[in-house]
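> Only the shape, not the letters, is given here:
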């Protein structure tokens, strides 16, 4: 099991060289990374999430979620996340319980710049390391791995991000067994307001397939706002679970801070027609 001092040491190592994060209150990942460094902190709650050990509903809390990442020339991103505390309240079998949350490490690599109507493309790999105790059903204490293709379309009135790939999830209740699930995400963000610094965001994301308790198929809908002002970004979303292993309604909120100016982002490659190229 990964101990808290080890987690803190890893976080300090990343943030010492600068940080940039997964995108606040939302799950779907853009193909690019804007900004050199960013720190994020947030929390979320979800009502009536079933305990994977007993099936009994409880309210789940993800508290003190901290992320740090480093974006390199808009083409590669390295991210570390620690859920500082996981808690459950109203569990009919375990009551109110809490523990340290899991650690996740993620890497994103751009494989194609946007060109004309062609989207920006990237590959993303992520692993979640076991930290949360198994006995009270807070989390599975198992390894989880995902690999996804990311695509981003940027238009004046809407930004669309799509993720598709494979999630390998170790089962919690059977040793040496795993589930192979389809990991997906799709998000649309519409800028509005002065300077387009505020976005209305809707998305659905999760893992679909033949799941088992503790390695469940999941899907969630989120709708909310993202607001950028200077080096700060605030985001908040209403959550709605869509499958049996998910809860019902919940909330999530994050704040992000970029400690330094963002580097200029590379311009999209022009479409062949714009350069006079022949077919």
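Received it, and whenever you're ready, just let me know what you need. Computed from a prediction, not measured in an experiment: that's the story for all the values here.
> What count of nearby residues applies to the residue nearest to residue 118 when sequence neighbours are not counted?
Distances taken as Cβ to Cβ, 6 or more residues apart in numbering put residue 112 closest to residue 118, at 7.2 Å, once the chain neighbours are dropped. Heads up, the C-betas are built off the backbone N, CA and C, glycines and all. Neighbour count for residue 112, taken as other Cβ atoms under 10 Å: 13.
> so what's residue 112 bridging to?
Beta-bridge partners recorded for residue 112 (DSSP bridges): residue 121.
> What are the boundaries of the strands in the protein?
Remark: strands assigned in the chain by DSSP state E are 37-50, 57-72, 76-91, 95-99, 103-112, 120-129, 144-154, 159-170, 178-192, 198-208, 218-229, 232-241, 249-257.
> Adding distance to residue 136 and mean pLDDT as columns, could you present those in a markdown table?
Listed next are the strands of the chain as a markdown table, based on distance: least, Cβ to Cβ, whole Å; pLDDT from 0 to 100:
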| stretch | distance to residue 136 | mean pLDDT |
| --- | --- | --- |
| strand 37-50 | 14 | 94 |
| strand 57-72 | 10 | 94 |
| strand 76-91 | 8 | 95 |
| strand 95-99 | 5 | 95 |
| strand 103-112 | 19 | 96 |
| strand 120-129 | 19 | 96 |
| strand 144-154 | 19 | 96 |
| strand 159-170 | 19 | 96 |
| strand 178-192 | 22 | 96 |
| strand 198-208 | 23 | 96 |
| strand 218-229 | 20 | 96 |
| strand 232-241 | 21 | 96 |
| strand 249-257 | 20 | 96 |
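> Can you convert these into a markdown table and add a column each for distance to residue 26?
Shown next, in a markdown table, are the strands of the chain (distance: least, Cβ to Cβ, whole Å):
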| stretch | distance to residue 26 |
| --- | --- |
| strand 37-50 | 11 |
| strand 57-72 | 13 |
| strand 76-91 | 14 |
| strand 95-99 | 25 |
| strand 103-112 | 15 |
| strand 120-129 | 15 |
| strand 144-154 | 13 |
| strand 159-170 | 9 |
| strand 178-192 | 6 |
| strand 198-208 | 6 |
| strand 218-229 | 6 |
| strand 232-241 | 6 |
| strand 249-257 | 8 |
